[in-house]
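>>> let me see the structure of the following:
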Amino acid sequence: MSVNKNAGGIAWAGSLVGSQNPNNLGYRYSHAHKRYKKTTDGDDDTDMDLPSSVVVQFKNREGEEVGNLIDIPTDSDVDAMSSLVHSLLNPEEDDESKKTPYSFYAKVKRNGVEDDIEVTSTLASLILQHGLGTEDVIALTYQPLAVFRVRPVTRCTDTMPGHTEAILHVSYSPDGRHLASGGGDTTVRFWDVNTSLPRFTCHGHKNHVLCTAWSPDGKRFASADKNGVLILWDPLKGKAVSTIKAHSKHITSIAWEPMHMNKECDRLATASKDSLVKIWHARTKRCIATLAGHLDSVEGGEGLLYTGSRDRTIKAWCVEGTDPKDVGKLVRTLKGHGHRVNTLALSCDYVCRTGPYDHRCTKFASDDEAHQAAIEKYDAFKAGEPERMVSGSDDFTLFLWHPKESKQPLKRLTGHQQAVNHIAFSPDGRYFASASFDKKTKIWNGKSGDFLSTLHGHVGAVYQVAWSSDSRFLVTASKDSTAKLWEMPGGKKCKETLPGHADEVYALDWSPNGSSVSTGSKDRTIKIWKH
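Residues are numbered from 1 along each chain as shown. You can find the predicted model right below:
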């Protein structure tokens with residue numbers, strides 16, 4: 001068998017044609033596909049016109065070719081190709097348990113735009129679905145998946161009372177060792193994850209705590225309220241480190257600078273109903289920059305800060321630069337939505353949130369070591385691909401952007417029948433989930449924006465979604481007083497319903513180490529769910 005890499009052709013030796021081989025009626029058809037008729041059982045005639053094998057070239061995410069051109073069967077599935085790539089990369093490795101699972105993407109041109117399409121079942125189904133030529137070489141880009149597996153949460157292990165009003169936020173620290181909550185009773189509470197007992201109840205706010213955020217190194221916790229007051233807490237002591245009157249109206253969003261950009265993790269941004277975004281230095285309490293330009297309230301990776309507003313626009317701001325004057329410069333404005341922008345999600349959100357930590361719960365000897373681990377983790381995640389952003393709006397649509405490269409959206413995503421509440425990318429960036437007031441959650445391809453599935457099951461508005469750290473499960477919180485667990489990406493039916501709350505479930509988070517899920521409700525309790 002000889003292969004011409006440039007022409008993409010393939011020559012078979014000893015091919016039987018005609019009456020001796022009735023399945024290969026080469027003299028009768030000039031069409032390339034029809035020369036290879038597969039015998040089928042009669043009912044499965046979808047692959048009848050496909051050859052038994054195609055030539056593929058595997059590439060990594062940087063575009064480097066791995067191995068030579070390989071002739072593989074068209075009925076090869078993802079598992080078979082994973083084994084093949086593993087053997088190409090690690091020819092000496094025979095241990096099945098050490099094999100890395102992979103996902104595969106093919107470049108497909110649609111409407112003049114080249115998209116990355118994931119191979120979900122077999123090569124044959126990909127070829128038939130997107131009309132790929134079987135005479136050409138099919139280039140497949142592989143992406144390693146999480147080796148570890150998070151176990152699905154199925155039961156409530158603890159109910160934690162204490163708050164006297166609705167709980168609006170629950171969030172685990174980046175290393176998964178601490179849990180914090182905030183809500184309508186103006187307090188911030190820190191909980192012991194292992195014993196599910198309260199550690200500190202922190203008073204300082206005079207109004208509803210509207211948003212909270214952990215710094216990526218886990219050493220600081222920020223909370224902001226309806227009066228425009230920002231408080232930074234020491235989570236190990238439960239004491240307020242600084243209190244800042246940040247805005248004249250209520251604060252809608254907080255975001256910390258990622259650790260791979262800043263070893264000290266001491267800069268954060270706040271967005272407010274007063275149409276301003278401010279960047280703060282956590283130690284000096286100084287406002288480094290005020291970003292004005294949105295015409296209405298602001299709802300809130302790579303040296304850029306993104307803000308979405310009720311004025312229907314998204315703005316990208318420069319927050320890096322040797323010259324202090326560069327901080328706060330408007331880089332570009334993204335337009336497209338017909339109504340207020342409710343939510344933004346970046347493909348690298350999870351990596352930025354967890355900093356240097358992963359499922360192994362590593363402890364670092366120094367800040368330098370942690371900083372280096374954060375840089376390596378971000379570089380491994382990005383692997384030469386552009387950062388992607390999705391915005392959700394009251395106009396019922398989502399837009400997929402490459403915000404660093406273009407003002408134009410890659411795609412407009414429709415399907416929701418009411419306002420979009422919340423969007424979250426999976427930790428590996430392959431998918432994103434959108435939650436809406438229409439009681440449905442939709443799953444989309446994280447690279448191309450293709451619609452994958454709708455999760456039916458909730459009988460009330462879906463408020464929030466959270467992914468497991470291995471990207472294999474999704475949990476959703478709803479107005480119907482339940483949370484639901486779904487298997488990703490194919491599970492359209494709910495795998496588990498997590499009942500028990502007596503009222504709407506507003507808050508939700510999955511621990512970065514994968515061990516537990518916490519839900520916060522209008523019934524004033526927090527519940528912990530485990531396997």
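
>>> pLDDT weak spots in this structure?
Regions of the chain meeting the criterion pLDDT under 70 cover residues 1-48, 95-98, 111-113, 295-302, 321-323.

>>> so what's the residue nearest to Asp450 when sequence neighbours are not counted bridging to?
Spatial nearest neighbour of Asp450, chain neighbours left out: Trp444 (6.6 Å); criterion: Cβ to Cβ, 6 or more residues apart in numbering. C-betas here are computed from N, CA, C, even on glycine. Beta-bridge pairing for Trp444 (DSSP bridges): Phe432, Phe451.

>>> so how far is Ser347 from Trp444?
As for Trp444, its distance to Ser347 is 12 Å (criterion: Cβ to Cβ, to the nearest Å).

>>> one more: Ile528?
Ile528 is 29 Å from Ser347, by Cβ to Cβ.

>>> that older thread, joint contacts of Trp444 and Ser347?
Common contacts of Trp444 and Ser347, defined by Cβ atoms under 8 Å, 6 or more residues apart in numbering, comprise Phe432.

>>> any residues touching the longest helix seen in the chain, and which ones?
Scanning the chain for the longest helix, with DSSP state H as the assignment, gives helix 367-382. The contact list for helix 367-382 (Cβ under 8 Å, 6+ apart) reads 216-217, 258-260, 263-264, 348, 351-352, 355-356, 358, 362, 364, 428-429.

>>> please repeat the previous calculation with a cut-off of 7 Å.
Residues from elsewhere that reach helix 367-382 (Cβ atoms under 7 Å, 6 or more residues apart in numbering): Asp217, Met259, His260, Lys263, Cys348, Val351, Gly355, Pro356, Phe364, Gly429.

>>> before we move on, back to that, distance of the residue nearest to Asp450 relative to Gly491?
To Gly491, Trp444 is 15 Å away according to Cβ to Cβ.

>>> what's the answer for Ala373, then?
In terms of Cβ to Cβ, Ala373 sits 33 Å off from Gly491.

>>> how about Leu474, nearest residue that isn't a chain neighbour?
Distances taken as Cβ to Cβ, 6+ apart put Trp486 closest to Leu474, at 4.7 Å, once the chain neighbours are dropped.

>>> neighbours of the one you found, just the number please.
24 (other Cβ atoms under 10 Å).

>>> what about whichever strand or helix holds it, distance to the chain center?
Assessed by DSSP states H and E, Trp486 sits inside strand 483-487. The chain centroid and the centroid of strand 483-487 are separated by 16 Å under Cα atoms, centre = their mean, to the nearest Å.

>>> equivalent analysis for stretch 477-488, please.
On the basis of Cα atoms, centre = their mean, stretch 477-488 sits 18 Å off its chain's mean C-alpha point.

>>> tell me the secondary structure of Phe399, please.
When classified by DSSP: H, G, I helix; E, B strand; the rest coil, Phe399 comes out as strand.

>>> the nearest residue to it once chain neighbours are set aside in helix, strand or coil?
Leaving aside its chain neighbours, Phe399 sits nearest to Pro409 (4.2 Å; criterion: Cβ to Cβ, 6+ apart). Under three-state DSSP, the three-state class of Pro409 is coil.

>>> neighbours around Pro409, how many?
Pro409: 23 neighbours (other Cβ under 10 Å).

>>> list the residues that contact it.
Gly336, Phe399, Leu400, Trp401.

>>> how near is the closest residue to the last one other than its chain neighbours to Val56?
In space, not counting the residues next to it along the chain, Trp401 is nearest to Met389; the distance is 4.6 Å by Cβ to Cβ, 6+ apart. As defined by Cβ to Cβ, Met389 lies at a distance of 31 Å from Val56.

>>> and for His337?
Distance of His337 to Val56, computed by Cβ to Cβ: 40 Å.

>>> looking at the two, which is more packed in?
Comparing His337 with Val56 by other Cβ under 10 Å, the one with more neighbours is His337, at 24 against 21.

>>> residue contacts, the nearest residue to that one once chain neighbours are set aside?
Once flanking residues are discounted, His337 sits nearest to Ser393: 4.3 Å by Cβ to Cβ, 6+ apart. Listed by Cβ under 7 Å, 6+ apart, the contact set of Ser393 reads His337, His339, Arg340, Val341, Asn342, Val420.

>>> out of these, who has the most neighbours?
Val341 (28 neighbours).

>>> that one pairs with what?
Here Val341, judged by DSSP bridges, has bridge partners Ser393.

>>> show me what contacts it?
Val341 neighbours (Cβ under 7 Å, 6+ apart): Glu299, Gly308, Ser309, Arg312, Ile314, Ser391, Ser393.

>>> put the alpha carbons of stretch 309-323 into CSV.
The C-alpha trace of stretch 309-323 is given here as CSV (Å, rounded to 0.1, in the frame of the first residue of the first chain):
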residue,chain,number,x,y,z
SER,A,309,-24.2,46.2,30.3
ARG,A,310,-27.9,47.0,30.1
ASP,A,311,-27.0,49.3,27.2
ARG,A,312,-26.7,46.1,25.0
THR,A,313,-23.0,46.3,24.5
ILE,A,314,-19.9,44.4,25.7
LYS,A,315,-16.7,46.3,26.2
ALA,A,316,-13.1,45.0,26.3
TRP,A,317,-10.7,47.0,28.5
CYS,A,318,-6.9,46.9,28.7
VAL,A,319,-5.8,46.2,32.3
GLU,A,320,-2.1,45.5,31.6
GLY,A,321,0.8,47.6,30.5
THR,A,322,4.0,49.2,31.6
ASP,A,323,2.5,52.6,31.5
